[in-house]
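Participant: Dropping a prediction and its sequence here:
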Protein chains: 2
Amino acid sequence: MDMEKVNSMDFGEFVDVFGNIIERCPLIAAAVWSQRPFSDVEDLEKHFFAFIDALPQSGQEGILRCHPDLAGRELQQSTLTAESQREQAGAGLTSLSAAEQLQLAELNALYRARFGFPFVLAARLSNRAAVPRELARRLRCPPAEELRTALGEVKKIGRLRLADLFGADPARL
Amino acid sequence: MDMEKVNSMDFGEFVDVFGNIIERCPLIAAAVWSQRPFSDVEDLEKHFFAFIDALPQSGQEGILRCHPDLAGRELQQSTLTAESQREQAGAGLTSLSAAEQLQLAELNALYRARFGFPFVLAARLSNRAAVPRELARRLRCPPAEELRTALGEVKKIGRLRLADLFGADPARL
């Protein structure tokens, strides 16, 4: 995919392709289409991130609440989006032992109860051993700091998904 | 459903129930959950509408772009949401003649090209004869006025969907 092709898309095509850059928030891709033409991937990404940053806190929390738990109910029920399925599988979260699953389920529940949104992490940059460690660590963070951290993870996930679509090296983005 | 039950929902349950009050925008329900407890249906509705009104214009256009065409491709491919399917069927849009389908397809295309979002109408308050008439009328409106009109239709649709969930009379909402 190149940017000339992207800039020629009508909004239906654009949402079909970019609707899940931010997990289960096609509204954001649909809004970003208003900002075309885009000069390059960095420019496109910038508009996604600016939309997130401009939302009121409830909207930013809303984005997080559209994300699935890691190794949660939706993975077990095979109702994850294709992107989430790949990311969680890549981190080894589809082959946890029963004890590991139980530990993560308990930590996820504590996290959701404490912050009012699920634990969001760019799973492709982590692994099955690191996930519960990082979850336990972030569980102790102050809520305002944790909201910022979680939105940072949403952006990392979005950057990696964009890199996939453009065949780009995400380290260069 | 009563408001006590709604106020006791965790965000996962809340998004499961209210995620499509605004068509294909679960982000909005997920954001509204931050405003609980709600005193009554009017209060709940008020928070949905306030979130829409507070979005930048690109976000409001984004909401519209998450809506399907009336009698469009998604109806033919059976990929509408359950709510849209019921609403379009209720207005008689599932039993159009070939000539009526063609007329609507042409008007929808003109509308999308002119405004950059699809024609949105509370189909349950209309019918197969009125839809193309209203589409042709709104096609001639100035863009800023048409954005306001279309968002008003989004709110009418949301009000009717809320009334369904609460078994309320929408005329009283």
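Facilitator: Cool, got the structure.
Participant: Do any residues in the longest helix along chain A lie close to chain B?
Facilitator: Counting residues, the longest helix in chain A under DSSP state H turns out to be helix A:143-166. No. Using C-beta under 8 Å from any C-beta of the partner chain, helix A:143-166 never reaches chain B; the gap is at least 11.3 Å. Placement of C-beta: from N, CA and C, glycine included.
Participant: centre of the chain versus that helix, how much separation?
Facilitator: Relative to the mean C-alpha coordinate of its chain, helix A:143-166 is positioned 6 Å out (C-alpha atoms, centre = their mean, to the nearest Å).
Participant: what element comes up after the helix-or-strand element of chain A with minimal mean pLDDT heading to the C-terminus?
Facilitator: When the helices and strands of chain A are scored by mean pLDDT, DSSP states H and E, helix A:73-76 comes last with a mean of 92. Downstream of helix A:73-76, the first helix or strand assigned by DSSP states H and E is helix A:82-90.
Participant: So which bits of chain A are right by chain B?
Facilitator: Taking C-beta under 8 Å from any C-beta, the part of chain A that reaches chain B is made up of A:10-12, A:15, A:24-35, A:51, A:54-59, A:61-63, A:65-66, A:112, A:116-117.
Participant: Packing partners of the least confident helix or strand of chain A?
Facilitator: For helix A:73-76, the packing partners by 3 or more C-beta pairs under 8 Å, 6 or more residues apart in numbering or on different chains; DSSP states H and E come out as helix A:82-90.
Participant: could I get the helix it packs on in CSV with only the CA atoms?
Facilitator: Output in CSV follows, covering the C-alpha atoms of helix A:82-90 (Å, rounded to 0.1, in the frame of the first residue of the first chain):
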residue,chain,number,x,y,z
ALA,A,82,-8.1,-10.6,13.7
GLU,A,83,-5.4,-8.2,14.8
SER,A,84,-5.7,-8.9,18.5
GLN,A,85,-5.8,-12.6,17.9
ARG,A,86,-2.4,-12.4,16.0
GLU,A,87,-0.9,-10.1,18.6
GLN,A,88,-1.9,-12.2,21.6
ALA,A,89,-0.8,-15.5,19.8
GLY,A,90,2.5,-13.9,18.9
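Participant: and that helix, what does it pack onto?
Facilitator: For helix A:82-90, the packing partners by 3+ C-beta pairs under 8 Å, 6+ apart come out as helix A:73-76, helix A:143-166.
Participant: Let me know the angle separating the longest one from helix A:82-90.
Facilitator: Here helix A:143-166 points in a direction 100 degrees away from that of helix A:82-90 (axes from the mean of the first three to the mean of the last three C-alpha atoms, to 10 degrees).
Participant: Show the secondary-structure elements that helix A:143-166 is packed against.
Facilitator: Using 3+ C-beta pairs under 8 Å, 6+ apart, helix A:143-166 sits against helix A:41-54, helix A:57-65, helix A:82-90, helix A:98-115.
Participant: coming back round to it: now the residues of chain A next to chain B: which count as buried?
Facilitator: A:11-12, A:15, A:24-34, A:51, A:55, A:58-59, A:61-63, A:65-66, A:112, A:116-117 (16 or more other C-beta atoms under 10 Å in any protein chain shown).
Participant: Could you pull up the contacting residues of A:Ala150?
Facilitator: By C-beta atoms under 8 Å, 6 or more residues apart in numbering or on different chains, the contact list for A:Ala150 reads A:Leu64, A:Phe115, A:Phe117, A:Phe119, A:Val120.
Participant: Is it correct that the first one is in contact with A:Val120?
Facilitator: Yes. With contact defined as C-beta atoms under 8 Å, A:Leu64 and A:Val120 form a contacting pair (5.6 Å).
Participant: which of the helices and strands packed on helix A:143-166 sits most buried?
Facilitator: Of the helices and strands packed on helix A:143-166, the one with the most neighbours on average (mean count of other C-beta atoms under 10 Å in any protein chain shown) is helix A:57-65, at a mean of 22.
Participant: Return that one as PDB; C-alpha atoms alone will do.
Facilitator: Listed next in PDB are the C-alpha coordinates belonging to helix A:57-65 (Å, rounded to 0.1, in the frame of the first residue of the first chain):
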ATOM      1  CA  GLN A  57     -10.900  11.800  29.600                       C
ATOM      2  CA  SER A  58     -14.100   9.800  29.300                       C
ATOM      3  CA  GLY A  59     -13.500   9.300  25.600                       C
ATOM      4  CA  GLN A  60      -9.900   8.200  26.200                       C
ATOM      5  CA  GLU A  61     -11.100   5.700  28.900                       C
ATOM      6  CA  GLY A  62     -13.800   4.700  26.300                       C
ATOM      7  CA  ILE A  63     -11.000   3.700  23.800                       C
ATOM      8  CA  LEU A  64      -9.400   1.600  26.500                       C
ATOM      9  CA  ARG A  65     -12.700  -0.100  27.300                       C
END
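Participant: A:Met3 and A:Gln60: what is the separation?
Facilitator: 28 Å (C-beta to C-beta, to the nearest Å).
Participant: hmm, I was thinking of A:Phe38
Facilitator: 23 Å.
Participant: repeat for A:Val6
Facilitator: Here the criterion is C-beta to C-beta. By it, A:Val6 lies 26 Å from A:Gln60.
Participant: same check, this time on A:Gln103
Facilitator: A:Gln103 is 28 Å from A:Gln60, where distance means C-beta to C-beta.
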